[in-house]
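3D, please:
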Amino acid sequence: QVRVVGSGGGLVQAGGSLRVSCAASGYGSTTYSVAWFRQVPGKEREFVAVRSWTGMSYFSDHVKGRFAISEDYATNTLSLQMNDLNIEDTAIYYCAFTGRAFSNRSYVRAQEYESWGQGTQVAVVS
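Down below sits the predicted model:
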């Protein structure tokens, strides 16, 4: 069974940077996709970014140009580097794992992922 552990986040002033990470273990295939979603109270979980096993990354329009994904193959950990944060980025961030790659934009759908990490809080203040 795949285990996904999220970490990082915190509190930062607008314009600052934070990082959230996602460590996955227990999967036996080299094909996978790891994504981040975020959620604020009263709203649906929103797609943020995804990285596939091929190294391809896709970002939502809200974060494109400000967020980046890096991968540590030694520890099977992916990190979402979040720069130039604004108040609208405040949310609980969740990482999600699926043992497949995507051929279309279905990666933006939360139900496409089988395993989820616990959420980590990101708070941006003015």
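
so where do the helices sit in the chain?
Counting by DSSP state H, no segments of the chain form helices.

residues touching Ala68, list them.
Ser57, Leu80, Gln81, Asn83 (CB atoms under 8 Å, 6 or more residues apart in numbering). To be clear about C-beta, it is placed using only N, CA and C from the backbone, and glycine gets the same treatment.

mind listing which of these are in strands?
Ser57, Leu80, Gln81 (DSSP state E).

what's the closest of those to Ala123?
Proximity of the ones in strands among the contacts of Ala68 to Ala123 (CB to CB) peaks at Leu80, which lies at 15.6 Å.

got the contact list for the closest residue to Gly117 other than its chain neighbours?
In this structure, Gly117 finds its nearest non-sequential neighbour in Gly6, 3.5 Å apart by CB to CB, 6 or more residues apart in numbering. By CB under 8 Å, 6+ apart, the contact list for Gly6 reads Val20, Ser21, Cys22, Tyr93, Tyr94, Cys95, Gly117, Gln118, Gly119, Thr120.

most surrounded residue in those?
Per-residue neighbour counts (other CB atoms under 10 Å) across the contacts of Gly6 peak at Cys95, which has 30 neighbours.

quickly list what that one is bridged to.
According to DSSP bridges, the residues that bridge with Cys95 are Trp36.
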